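Novice: Here is a sequence with its predicted model. Questions after.
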Amino acid sequence: MGTTGRRPGAYVCGIDAAMDVIGGKWKVLILWALNERPCRFGELRRELPGITEKVLASHLREMEADGLVHREAYVEVPPRVEYSLTPRGVCLNEALKPLGAWGRANVLGGSPAAGEMREDDDVPLVPGAA
């Protein structure tokens with residue numbers, strides 16, 4: 001992890017530490033966008049309507065310091081910079097997949113994967129049983 005104001009030693013649990021790295025509205029969406037392909041700053045901005053340049057630049061710096069994002073500056077005219085996920089960022093995206101599935105199923109109104117039964121489903125396990 002970088003030195004971007006983190007609280008080492010003050011975490012209560014692993015979730016607390018992870019939320020410190022991905023906290024806020026935009027970081028997980030940046031991770032999601034970069035999971036598709038490397039992007040330039042302007043491309044990321046278009047992928048995330050509503051994010052300001054200042055917030056995007058700040059989050060990218062923090063995520064780079066935390067080892068989640070790689071910034072590649074190409075020596076060209078005009079200058080070109082691309083952002084991509086590091087292996088650590090890819091790993092974090094994998095860890096977030098179940099959270100995305102939960103959001104689709106429980107917030108967006110989707111259904112669990114075919115044949116998947118959740119503990120809180122009020123569906124009889126035997127067809128026709130009440």
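Specialist: Thanks, I have the structure now.
Novice: centroid residue for the protein?
Specialist: residue 28 (2.5 Å; C-alpha atoms, centre = their mean).
Novice: so it makes contact with residue 95?
Specialist: No. Using C-beta atoms under 8 Å, residue 28 is not in contact with residue 95, being 10.8 Å away. Quick note: C-beta positions are derived from backbone N, CA and C, even for glycine.
Novice: In contact with the residue nearest to residue 86 when sequence neighbours are not counted, which residues are there?
Specialist: Spatially, and ignoring its direct neighbours in sequence, residue 86 is nearest to residue 70 (5.1 Å; C-beta to C-beta, 6 or more residues apart in numbering). Contact analysis of residue 70 by C-beta atoms under 8 Å, 6 or more residues apart in numbering lists 64, 83, 84, 85, 86.
Novice: And whatever helix or strand residue 70 lives in, what's buried?
Specialist: Assigning secondary structure by DSSP states H and E places residue 70 in strand 69-74. Applying a neighbour-count criterion of 16 or more other C-beta atoms under 10 Å, one finds 69, 70 buried in strand 69-74.
Novice: Could you tell me the angle between the next helix or strand after that strand and strand 69-74?
Specialist: Note on strand 69-74: by DSSP H and E, the next helix or strand toward the C-terminus is strand 80-85. Counting by axes from the mean of the first three to the mean of the last three C-alpha atoms, to 10 degrees, strand 80-85 lies at 160 degrees to strand 69-74.
Novice: As PDB, could you dump the C-alpha coordinates of strand 80-85?
Specialist: Taking C-alpha atoms only, strand 80-85 is exported to PDB below (Å, rounded to 0.1, in the frame of the first residue of the first chain):
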ATOM      1  CA  ARG A  80       0.400   9.800 -24.300                       C
ATOM      2  CA  VAL A  81      -0.300   8.200 -20.900                       C
ATOM      3  CA  GLU A  82      -2.200   5.000 -20.500                       C
ATOM      4  CA  TYR A  83      -3.500   3.500 -17.200                       C
ATOM      5  CA  SER A  84      -3.900  -0.300 -16.700                       C
ATOM      6  CA  LEU A  85      -4.400  -2.600 -13.800                       C
END
